[in-house]
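> compute the structure for the input listed below.
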Amino acid sequence: MTKKVALIACSNGLGHVRRLIILSQALIEHGAKPTLFAPLNAVTKLTRSMGVKAPEVYDFDSHTTVDDWLEERAFSWYKYLPDLSDYDQVVSDNLVEILLIRPDAWLLGSFLWHETLYNFNTNQRLNLRKFLSSYRPKMISSMFFSAAYLAEYTRLFEVGLFSIKTQTRVHPVKDKNMLIACGKGGDVNNQAKQFVKLLTKKKKIPFDNVYIDPDIIPNDSPVWIIPATFTPEMYDSVCVAIVRPGVGTITDALSTGSRIFTFFEKGNSEMQENAKIINYFGVGYGSSEIEEAWKHACDYCKNNSMQKNHERNIGKLDFNGAEESVQLLLA
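This is a model prediction of the structure:
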């Protein structure tokens, strides 16, 4: 019998939706029938750039952005879901409240909101810890990013990174192209805009082209600044990526061999931890300031021994997270 699987996305940024799109593709290949609960516009945008077919979609916005959590508006998101009783499995990406209506649900992600956000309501944090301790839900997390505390509150299953199959083409540096991207889940646009404005004034850079988030490109930019499309073809031509280190952006870059250089907003422990992880695995340089990221990216572009070492480190990573997750969900 065909198993029906509900995949519920957190609406903060695009990384959560991206991961579930990749998981949906693997589920379909194994004969399951997934339904993705996510904003339709986000699914349409991502499937187009990823070059994959959209699964069945239920247009659903959980309204669980960082601001929603900090202003305590996000806790009742699950009340707006339709009846999920017909689904054999329910997977909730980073949203633990699903357990109130489906105690058997799987959680998916590398962190928990109440542990990550510094200004999260203290009483709510304590209540959620007790809540999770009482349920001990099953949770799937990419081992590359798993927060240490997940094993304390969940039955944790660690898998590889979630990469679409057309992206796993690791290669040595060929094209000297760069990506600068802010992502959609944080607050680094101003930092990036100011830096890019200064970058356009430079007479010479060690890159052929620089792909940049279209939202932060100033008018009258030089011809070597190109609006980023975030397609597999774009990622395949990039050798370095200066990015806010969300899991999805990092995975897209690493899966085609790019080296990561980070910048991010202050006070975000998830971003701080991801930057440390990149350093630990030897696949990038973790910093919080974009100017520092640029300096180290330029140095890397000129250093052949660093590039060869990076290629070796990339080769040690596991990009089969979606396939490994399907084996758990359909067992």
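
> average pLDDT for the strand or helix carrying Ala275, rounded please.
Here Ala275 sits within helix 269-280, counting by DSSP states H and E. Helix 269-280 shows a mean pLDDT of 91.

> elements contacting it?
helix 113-116, helix 247-254, strand 259-262, strand 284-285 (3 or more CB pairs under 8 Å, 6 or more residues apart in numbering; DSSP states H and E). For the C-beta atoms, the positions are set from N, CA and C on the backbone; glycine is no exception.

> between these, which one is nearest to Glu158?
Across the helices and strands packed on helix 269-280, Glu158 has its closest neighbour in helix 247-254 (13.7 Å, CB to CB).

> check which residues of the helix holding Ala275 are buried.
Residues 270-275, 277-278 are the ones in helix 269-280 that count as buried (16 or more other CB atoms under 10 Å).

> pull the CA atoms of it into CSV?
C-alpha atoms of helix 269-280 as CSV (Å, rounded to 0.1, in the frame of the first residue of the first chain):
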residue,chain,number,x,y,z
SER,A,269,23.6,31.0,18.1
GLU,A,270,22.6,28.7,15.2
MET,A,271,24.7,30.9,12.8
GLN,A,272,27.6,30.9,15.2
GLU,A,273,27.5,27.2,15.6
ASN,A,274,27.3,26.6,11.8
ALA,A,275,30.3,28.9,11.3
LYS,A,276,32.3,26.8,13.8
ILE,A,277,31.3,23.6,12.1
ILE,A,278,32.5,24.9,8.8
ASN,A,279,35.9,25.6,10.4
TYR,A,280,36.0,22.2,12.1
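
> returning to that earlier point: which one of the helices and strands packed on helix 269-280 is the most hemmed in?
Most buried of the helices and strands packed on helix 269-280, by mean neighbour count (mean count of other CB atoms under 10 Å): strand 259-262, with a mean of 28.

> relative to Lys201, how far out is the nearest residue to Pro214 once chain neighbours are set aside?
By the measure of CB to CB, 6 or more residues apart in numbering, the closest residue to Pro214 outside its immediate chain neighbours is Pro227, 4.2 Å from it. Separation of Pro227 from Lys201 (CB to CB, to the nearest Å): 19 Å.

> next secondary structure after the helix or strand harbouring Gln124?
Taking DSSP H and E as the criterion, Gln124 maps to helix 122-135. Remark: after helix 122-135, the chain's next helix or strand is strand 138-142, criterion DSSP H and E.

> which other helices and strands contact that next one?
Strand 138-142 is packed against strand 106-108, strand 155-159, helix 321-329, with contacts defined by 3+ CB pairs under 8 Å, 6+ apart.

> what angle sits between it and helix 122-135?
Orientation check (axes from the mean of the first three to the mean of the last three CA atoms, to 10 degrees): strand 138-142 against helix 122-135 gives 110 degrees.

> quick one on the thing from earlier: and the buried residues of helix 269-280, which is closest to Ile212?
Closest to Ile212, out of all of those and judged by CB to CB, is Met271, at 19.7 Å.

> and the gap between the closest one and Gln307?
Distance of Met271 to Gln307, given as CB to CB: 25 Å.

> report the mean confidence score over stretch 306-322.
Mean per-residue pLDDT for stretch 306-322: 93.

> and if you look at stretch 160-171?
For stretch 160-171, the mean pLDDT works out to 70.

> ok so, going back, winner for burial among the helices and strands packed on strand 138-142?
Among the helices and strands packed on strand 138-142, the stretch with the highest mean neighbour count (mean count of other CB under 10 Å) is strand 106-108, at a mean of 26.

> re the thing from before, in CSV: the buried residues of helix 269-280, plus distance to Lys138.
What follows is the buried residues of helix 269-280, written out as CSV (distance: CB to CB, whole Å):
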residue, distance to Lys138
Glu270, 21
Met271, 26
Gln272, 27
Glu273, 22
Asn274, 23
Ala275, 28
Ile277, 23
Ile278, 28
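
> which parts of the chain are strands?
Ranges of strands in the chain, per DSSP state E, are 4-8, 33-38, 56-59, 89-93, 106-108, 138-142, 155-159, 177-181, 209-212, 225-227, 238-243, 259-262, 284-285.
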